[in-house]
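1. Prediction below, plus the sequence it came from.
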Amino acid sequence: MSAPETADRVLLVAAVVILVVAGALLLYRIWRGPSMLDRAISLDVLAALIIAGLGAKSAMARDPFYFPIMLVLAFLGFTGSVGIARFIAVRDRPPARPAPTRPRDKEGPR
Amino acid sequence: MRVWTQFTDTLGAALVFTGAAICLLGVIGMLRLPDVLSRSHAATKPQTLGLLLVLAGVALRLRSGMDLATLALIGFFQLMTSPVASHLVARSAYRTGQIEHAELLIDDLDEQLTERAPEPEPEPGPGTD
Amino acid sequence: MKRLITLSRRDPELPPFSAELAGRRRRVLDLPLIGWLTLIWVLLWSTLTWANIITGAVVAVFVSLAFPLPRVDLGLRLHPWGIVVLAGSLLYDMYTSGVKVTRQIFTGYPHRPAVIAVQLRCRSDLMMAAIAVSVSNTPGGSVIEVRRATATLFLHVLDADQPAALEAARRSVWRLERLTVRAFGTRDEIERVAGRPPDQGTGDPANPGDRGEEPDRGRDDEGRNGT
């Protein structure tokens, strides 16, 4: 294996590691997320990260096997968070609109 | 010729790496920013720029016509669908009062919502295609 | 004898690029839609063979007969050079505002978000949807609300310390509007967009004064389908 190919492998493995770290941090946000809407956004980003990870894997193997999965994720990945935003987040609506309180926000914004 | 393909391969790997790094930056933003709408700003970055760079890198490494078309379609659908979700999340966050209205410097929407006294009918979001 | 399939070239009543099937109910097929669905089918199989193309076309015809869409002229025109310019400008915007958001993330709080209203110049639903999509694809702006009646977008701006930032956000939305309409719009939409932006935000940005002067035209339900 020549030197540039080694460099390619190092870059791609580093990319996969970075994506896995990003996914782990995102799981923290999903676990912690003060509201359901945070979890909805995180799910969306998680779909994008999965697509990117599959892309890195198929770039490493030069193999288009996972492309249909990436395609389906790209056009169906948003449905979960749409469902959350439309149906679940409305259910835990705070009581009054003029004085918005954030009862679930334990950690505080700043 | 050999040098050229090697160059393309390395450039593709570098693009994949850059896209992954941008995804990580966006996720860090999602961890650090204080409220839902700000987080959705940070979430746009891995969804658009990071993913597009990764797809471009994969395209540079694969280099066959059918795969290029599929990758372009993946990018296109990602760009078309992620605004729908982020718009619905932002709208629902605003309506359920999950942002601190006192924090906002200017709020043009609040008076429009309150002057139409009953809850306006939920319109379908833009770009539901 | 009646024809089995009537193309829109022969029958001027049909919408452009469509075919009508004979039968008890008039079924109109949208040929670009069928082509698009066939393309997706072929790409999902990821090999280009005649069998894939034919089965894809059959499935596309079946789907568009089973789930018919309302017949609406969307007003979608494709201008290739405009699309290229729009794509380049979107990529550039993604880069610059990505840098801005990153700086925002790492310099820490406090930043002052704001919700601003931006009045658009074009009125068609498809154009508004396209503008909203391209605005929310750049990391700096997220669309909270869209008013169809007054063609107003409500944006959440992350960093609004000074009024100049708000002005810059509005101006970038108007620039994206111009580019988007030049890429996808009809001719009169392009002419409308070529004028100067509506004079909202030249003075006090928080002043909602001249909004709603337009008559509330068209809360009709055609063109509601958003596709």
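-> Arrived safely. Residues are numbered from 1 along each chain as shown, chains lettered A, B, ... in the order given.

2. And the pLDDT at residue 42?
-> Assuming you mean chain A. Per-residue pLDDT puts residue A:42 at 90.

3. nope, chain B please
-> We have a pLDDT of 84 for residue B:42.

4. Show the average pLDDT along the longest helix belonging to chain A.
-> If you go by DSSP state H, chain A has its longest helix at helix A:3-32. Across helix A:3-32, pLDDT averages out at 90.

5. do stretch A:69-82 as well
-> Throughout stretch A:69-82, pLDDT has a mean value of 87.

6. Ok, stretch C:176-196 next?
-> Mean pLDDT, computed over stretch C:176-196, is 81.

7. What of stretch B:56-64?
-> Summarised as a single mean, pLDDT over stretch B:56-64 is 90.

8. quick one: buried residues of that stretch?
-> Residues of stretch B:56-64 classed as buried: B:56-62 (neighbour count, 16 or more other C-beta atoms under 10 Å in any protein chain shown). To be clear about C-beta, it is placed using only N, CA and C from the backbone, and glycine gets the same treatment.

9. next one: stretch B:9-17
-> Across stretch B:9-17, burial judged by 16+ other C-beta under 10 Å covers B:9-10, B:12-17.

10. Repeat that for stretch C:87-104.
-> For stretch C:87-104, the neighbour count (16+ other C-beta under 10 Å) marks C:89-90, C:93-94, C:97-98, C:100-102, C:104 as buried.

11. Tell me which ones among the residues you listed also neighbour chain A, please.
-> Applying C-beta under 8 Å from any C-beta of the partner chain to those, one finds that nothing falls near chain A.

12. Number of residues surrounding the spatially closest residue to residue C:90 that is not a sequence neighbour?
-> Nearest non-adjacent residue to residue C:90, counting by C-beta to C-beta, 6 or more residues apart in numbering or on different chains: residue C:134, 6.0 Å away. When neighbours are counted by other C-beta atoms under 10 Å in any protein chain shown, residue C:134 registers 25.

13. Go ahead and flag the most central residue of the chain.
-> This is for chain A. The residue lying closest to the centre of chain A (C-alpha atoms, centre = their mean) is residue A:46, at 1.6 Å.

14. That was the other one, I meant chain C.
-> residue C:130 (1.7 Å).

15. Give me the pLDDT value at that residue.
-> 86.

16. Doesn't residue C:118 lie inside a strand?
-> Yes: under DSSP: H, G, I helix; E, B strand; the rest coil, residue C:118 falls within a strand.

17. Tell me if I'm right that it and residue C:171 touch.
-> No: between residue C:118 and residue C:171 there is no contact under C-beta atoms under 8 Å: 9.6 Å.

18. And chain A, is stretch B:23-41 touching that?
-> Yes: Stretch B:23-41 reaches chain A (C-beta under 8 Å from any C-beta) through B:23-24, B:26-28, B:30-31, B:34-36, B:39-40.

19. Thanks a lot, see you next time.
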